[in-house]
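>>> Kindly return the folded structure for what I paste below:
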Amino acid sequence: MLVKLFATLIEFTGKRKLEISGPKTVGELLEELDRMFPGFKKELERGYIILVNGKNIEHLRGLDTPLSDEDTVSIFPPAGGG
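You can find the predicted model right below:
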């Protein structure tokens, strides 16, 4: 699957896009990203938005949302601003 990262996650990982295969759910994907980039999950502790093929996982099955190798996952950290 294609994983797109945004904002501070680009700085944290040094990557904007990743190709990952294997994880069957969003939760498993986050575990894999934390294995690849130790501390990744901690970066998301202040909140995040995850889209699977453009749909927010909050409107799907949350971290149990199933994934396939054809999916595109976009992960946004919390946004600042005012």
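>>> With adjacent residues omitted, what lies nearest to Leu60?
Closest residue to Leu60 apart from its sequence neighbours, by C-beta to C-beta, 6 or more residues apart in numbering: Val52 at 6.4 Å. C-beta: built from backbone N, CA, C; applies to glycine.
>>> what about stretch 3-13, how long is it end to end?
12 Å (C-alpha to C-alpha, to the nearest Å).
>>> coming back round to it: what separation do you get for the residue nearest to Leu60 and Ser74?
8 Å (C-beta to C-beta, to the nearest Å).
>>> Run a quick neighbour tally on Leu44.
Neighbour count for Leu44, taken as other C-beta atoms under 10 Å: 19.
>>> for Phe37, what are its contacts?
Going by C-beta atoms under 8 Å, 6 or more residues apart in numbering, Phe37 touches 12-13.
>>> Distance-wise, check it relative to Glu19.
For Phe37 relative to Glu19 (C-beta to C-beta), the value is 15 Å.
>>> residue boundaries of the helices in the chain?
8-13, 26-36, 40-43 (DSSP state H).
>>> Noted, bye for now.
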